[in-house]
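Trainee: generate coordinates for the sequence data below:
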Amino acid sequence: MKTTKIKTTIFITTLVLGLANIPTAQAQEKFQHERLITIWETKTDLKTPESVLYDAESGLVFVSNVNANPWEKDGNGFISTLNLKGDILSAKWITGLSGPKGMGVYKGKLYVSDIDEIVEIDIKKGEITKKYPISGAKKLNDISVDKSGTVYISDMGDASIYSIKKGSVELFLKSNELQDVNGLFAHGNTLLAGPGGRVVSIDMNTKAITSYVDNTCKIDGIAATGKGTYLVSDWQGHIYEIKSGQKPLLILDTTPLEINAADIEYVKEQNILLVPTFFKDNVVAYRLKFN
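Mentor: Okay, here's the model as predicted:
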C-alpha cells in the first residue's frame, strides 16, 4: 500500500514538473477572429521590424528595422522593401539609421522617425535627401501625414506631437493628456493619437483633445479600415477594431506565443492587415473580412 502511494506521488510530481517545462508557446495558442485569415508571412530575415507602411504609388511595402536597440544611436537600423505577396525585395534598402520607427509618405518622399530626428528619403532614388533634427525630442515614434503634406510625429518620451510643414519643424502640441503618446493617424482635420491605454481625437485647428475610445490596449499603431472603423495594435501582441461609442473588438492576440504586434498597416484596396512582429523578425499579413 505504501509502495503504491509512493509510486503515485512520484508519477504526479513528474507529470507536474513535465508540464511546467512545456514552453508557453506550445501550451497555448493565439486568438484569431474568424474574420481574419492569415495569407503569408515573410522569412525571418528582418531585424526587429517596428513599423510597416504601404505606398500605393510605388507598390512597395516599407519596413523599419530598429535592429535590436530601439533607442540607441548605434547606426545599425535600416529600411527594407517588400511587395504585397510577402517577398523581401531589398532587405537593406536604406541603411545607416539608428532606431527607425514610424513612417509616412507624401509625393514620392518617405519620412522616417529616428529617435531625435526625421529622415526624408527619395523613394525613386532610394537615398536619404534630408534630415530634420528636432531639438528637445526624446523618443520620436509614430508618423502620420495629412492630405496637405504636413508630417506629424509623436514623441512618447515628452508627451508631445511635432509637425513638419513646408520644411519647417514645429511643436504642434504638448499636453499631460499625451503621456506615452505613440500611434498617430491623420484624417481630414482630425488627428487620432494613442496616449497610454486610449485613443484621443485632436482637432488640428483648435488643438482641442477629446476622447475617441477609452480602455484600449496601449496603442502602438493606428490604421483606418475605410469602413468607418480603425485598427489599433499594442506592442504586446493585441490588435483591436475600434469605433467611437462601441466596445473594442479583439481580432488578434499573439501574446500566448510571445509574438509582438508593433506599428501596423492596413491596405484598404485589398483588405490586407500587415503586422510587424518585432522580436520575431518578420512581417505577417492577414486578410480582414467585412460583412
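
Trainee: only C-alpha atoms for contact and neighbour calcs from this point on.
Mentor: Will do.

Trainee: count residues in the vicinity of K218, would you?
Mentor: Taking other CA atoms under 10 Å as the criterion, the count of residues near K218 is 22.

Trainee: state the helix or strand in which G221 lies.
Mentor: According to DSSP states H and E, G221 maps onto strand 219-224.

Trainee: could you name the helices and strands sitting against that strand?
Mentor: Secondary structure elements in contact with strand 219-224, counted by 3 or more CA pairs under 8 Å, 6 or more residues apart in numbering; DSSP states H and E, are strand 181-187, strand 190-195, strand 230-234, strand 265-267.

Trainee: show residues contacting that strand.
Mentor: The set of residues external to strand 219-224 that reach it, using CA atoms under 8 Å, 6 or more residues apart in numbering, is 142, 181-185, 193-199, 230-235, 262-266.

Trainee: how about stretch 206-213?
Mentor: For stretch 206-213, contacts defined as CA under 8 Å, 6+ apart pick out 173, 177, 198-203, 242-246.

Trainee: repeat for stretch 253-267
Mentor: Outside stretch 253-267, the residues that touch it by CA under 8 Å, 6+ apart are 24-26, 28-32, 50-54, 102, 142, 183, 220-225, 232-239, 272-280.

Trainee: ChimeraX command for the buried members of those residues?
Mentor: Written as a ChimeraX command, the selection of buried residues from the contacts of stretch 253-267, which uses 16 or more other CA atoms under 10 Å, is:
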select :30,50,51,52,53,54,102,142,183,220,221,222,223,224,225,232,233,234,235,236,237,238,239,272,273,274,275,276,277,278,279,280
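
Trainee: ok so, going back, ok, of the contacts of strand 219-224, which come out buried?
Mentor: Restricting those to buried positions leaves 142, 181-185, 193-196, 198-199, 230-235, 262-266, with burial counted as 16+ other CA under 10 Å.

Trainee: just to revisit the earlier point, output the helices and strands packed on strand 219-224 as a markdown table; include the columns mean pLDDT and distance to G149.
Mentor: Written out in a markdown table, the entries for the helices and strands packed on strand 219-224 read as follows (pLDDT from 0 to 100; distance: least, CA to CA, whole Å):
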| stretch | mean pLDDT | distance to G149 |
| --- | --- | --- |
| strand 181-187 | 98 | 11 |
| strand 190-195 | 98 | 14 |
| strand 230-234 | 97 | 21 |
| strand 265-267 | 98 | 19 |
